[in-house]
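Undergrad: task: produce atomic coordinates for the following.
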Amino acid sequence: MTDAALRLIALAEELLGEELPVRIRAWDGSESGPAGAPVLVIRNRRALRRLLWKPGELGLARAWVAGELDIEGDLYEALDLMASLIWDRGGEAKDSVHPVRDPKVRAFAKGLLQLAGPWLPPPPPPEEVRRRTGTLHTKRRDKEAISHHYDVGNDFYELVLGPSMVYSCAYWENDGNLEDAQRDKLDLVCRKLALEEGDRLLDVGCGWGSMAIHAAREYGARVTGVTLSVEQAAYAQKRIAEEGLTDRIEIRVQDYRDVRDGPYDAISSIGMAEHVGSVRFRAYADDLYALLKPGGRLLNHQIARRPEKDESAYHVDEFIDAYVFPDGELAPVGRTVTTLEEAGFEVRDVESIREHYALTLRSWVANLEKNWDRAVRRSSPGRARVWRLYMAAAALSFEHNKIGVNQVLVVRPAEGGAARMPLRTRDWTGSATG
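TA: Below is the predicted model of the structure:
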């Protein structure tokens with residue numbers, strides 16, 4: 001057989017009702033599709049068996065992580081072309097692809113089976129999260145989910161994130177680089193929180209300690225950072241010791257729900273609330289409200305999704321849930337703001353920095369590609385492939401306004417409702433007032 005690519009193109013175009021915008025190169029050496037387009041490389045028929053037994057995103061993801069699928073050419077262009085063809089075709093088109101009773105789907109499956117062979121699919125790649133048990137967002141389950149994502153080796157994250165070791169959206173100037181942009185983001189958060197010498201800051205989900213170090217070193221804050229990742233905590237503690245800031249910063253392996261030593265003057269939560277989940281978000285807001293002193297500020301930096309017409313139809317992306325952020329959930333920014341208000345906070349500012357995250361992700365992808373061989377050695381080929389795919393796809397999602405990211409600044413009102421905020425806040429230079 002030397003015509004597998006041609007047959008796959010024909011099957012796909014019959015199913016989708018239009019030309020496939022990428023080329024296909026199959027395991028038998030055959031190649032077909034538009035000249036000059038990115039090439040979807042199917043290295044092994046196992047990829048087809050995965051798709052037959054698990055149709056849709058998860059089957060494709062398993063084949064990608066296992067190295068049975070690859071892309072030659074511009075990764076962003078290929079993902080963009082395939083997204084516009086499949087995921088962005090609209091509800092009617094998507095619905096027409098899935099039902100088993102659809103004759104086009106049955107014909108596609110039959111043709112795929114002939115190419116794939118009658119064997120069972122291989123097991124999922126080892127990088128896939130195993131089936132989880134127990135109630136969603138319990139402390140134990142959250143700790144396991146965080147460990148899956150963050151405890152993959154600090155040296156791997158060093159290659160991807162760069163020297164800043166900040167794993168959240170940077171704040172870019174026109175001609176800046178990643179390190180400058182991450183420093184500027186940390187400084188922006190400190191200024192929004194109006195940190196001053198001696199202020200107590202709680203950094204929820206403190207990562208590798210970058211926010212804590214910046215707040216203590218540049219603003220004189222006394223910082224408590226909490227994380228569920230043992231590897232993150234050890235790395236942060238080492239950095240803090242090297243900076244000579246152990247008298248100002250404490251890093252704990254602790255769930256934010258177990259913090260009991262408030263009140264704090266300010267709280268930063270940067271890229272952490274996505275792990276909280278909708279069933280617990282109100283409790284999260286209540287907990288942070290209780291930990292703040294009256295007049296204290298919370299800066300909640302969080303990825304948001306677009307609202308659904310029917311919110312009950314929202315489901316977590318299969319690839320992300322299985323390989324990247326287990327149990328992670330995104331909420332529309334309006335819901336986040338409403339929940340914070342219901343907890344008693346006053347919302348003082350909401351800033352969208354969506355385009356900044358696209359730039360950040362593209363920088364991380366470039367770092368990973370530049371250090372690919374070392375990244376593979378420090379983790380696994382499958383893990384590196386997970387990260388390359390998810391970060392590139394996420395960059396496109398931010399660019400196309402499928403998802404966004406917002407910094408929401410709220411205050412716990414003081415007696416009589418006083419917010420202790422300057423009359424104008426957008427330059428973030430005003431000091432707190434009574």
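Undergrad: can I assume G59 sits in a helix?
TA: Yes - under DSSP: H, G, I helix; E, B strand; the rest coil, G59 falls within a helix.
Undergrad: quick check: it touching L48?
TA: No - in terms of CB atoms under 8 Å, G59 does not count as a neighbour of L48; the distance is 9.2 Å. Where you see a C-beta, it was placed from the backbone N, CA and C, and this is true even at glycine.
Undergrad: more neighbours, these two?
TA: Using other CB atoms under 10 Å, the more surrounded residue of G59 and L48 is L48, with 26 against 19.
Undergrad: can you tell me the closest non-neighbouring residue to the more buried one?
TA: In space, and not counting its chain neighbours, L48 is closest to A116: 3.6 Å by CB to CB, 6 or more residues apart in numbering.
Undergrad: contacting residues for the one you found?
TA: R45, L48, R49, L52 (CB atoms under 8 Å, 6 or more residues apart in numbering).
Undergrad: what about the residue nearest to the first one when sequence neighbours are not counted, distance to G73?
TA: In other words, R45. What sits nearest to R45 in space, not counting adjacent residues and going by CB to CB, 6+ apart, is A116, at 5.2 Å. The spacing between A116 and G73, counted by CB to CB, to the nearest Å, is 25 Å.
Undergrad: do the same with R43
TA: 16 Å.
Undergrad: burial of G344, as a residue count?
TA: Using other CB under 10 Å, G344 has 14 other residues around it.
Undergrad: got it, and A343?
TA: Close neighbours of A343, defined as other CB under 10 Å, add up to 20.
Undergrad: was I right about it contacting A285?
TA: Yes - between A343 and A285 there is a contact under CB under 8 Å: 3.6 Å.
Undergrad: mind listing what's buried in stretch 114-130?
TA: In terms of neighbour count (16 or more other CB atoms under 10 Å), stretch 114-130 has its buried residues at L115, A116, P121, P122, P124, P125, E127, E128, V129.
Undergrad: okay, E311: pLDDT?
TA: We have a pLDDT of 85 for E311.
Undergrad: torsion angles phi and psi at it?
TA: phi -60, psi -20 (degrees, to the nearest 10).
Undergrad: pLDDT weak spots in the protein?
TA: The model of the chain has pLDDT under 70 over residues 1, 85-101, 131-134, 136, 142-151, 425, 428-434.
Undergrad: max-length strand in it?
TA: For the chain, the longest strand by residue count, based on DSSP state E, is strand 292-305.
Undergrad: in that strand, which residues are buried?
TA: L292, G295, G296, R297, L298, L299, N300, H301, Q302, I303, A304, R305.
Undergrad: settle this for me: G117 is touching R49, isn't it.
TA: Yes - with contact defined as CB under 8 Å, G117 reaches R49; the gap is 7.1 Å.
Undergrad: pretty sure L396 contacts A78?
TA: No - between L396 and A78 there is no contact under CB under 8 Å: 10.5 Å.
Undergrad: tell me where the stretch 301-434 of the chain has helices.
TA: 318-319, 333-342, 354-370, 372-378, 381-399 (DSSP state H, counting those that start in this stretch).
Undergrad: hang on, T224 packs against D203?
TA: Yes - contact criterion CB under 8 Å: T224 and D203 qualify, at 7.1 Å.
Undergrad: neighbour count winner among those two?
TA: Using other CB under 10 Å, the more surrounded residue of T224 and D203 is D203, with 28 against 23.
Undergrad: list the contacts of the more buried one.
TA: D203 sits next to M211, A212, A215, V223, T224, G225, V226, I267, S268, S269, I270 when contact means CB under 8 Å, 6+ apart.
Undergrad: so of those, which ones are in strands?
TA: Counting by DSSP E, the contacts of D203 contribute V223, T224, G225, V226, I267, S268, S269, I270 to strands.
Undergrad: show me where the stretch 51-200 of the chain has strands.
TA: Taking DSSP state E, counting those that start in this stretch as the criterion, the stretch 51-200 of the chain contains strands spanning 69-72, 200-204.
Undergrad: so which of the ones you listed gets nearest R383?
TA: strand 69-72 (15.7 Å; CB to CB).
Undergrad: what comes up buried for the closest one?
TA: L69, D70, I71.
Undergrad: the last one contacts A37, correct?
TA: No - under the contact definition of CB under 8 Å, I71 does not touch A37, with a separation of 10.8 Å.
Undergrad: what about E311, how many residues close to it?
TA: By other CB under 10 Å, neighbour count at E311 equals 11.
Undergrad: so what's it up against?
TA: Counted by CB under 8 Å, 6+ apart, E311 has zero contacts.
Undergrad: equivalent analysis for I24, please.
TA: By CB under 8 Å, 6+ apart, the contact list for I24 reads A5, L8, I9, E31, S32, G33, V39, L40, I42.
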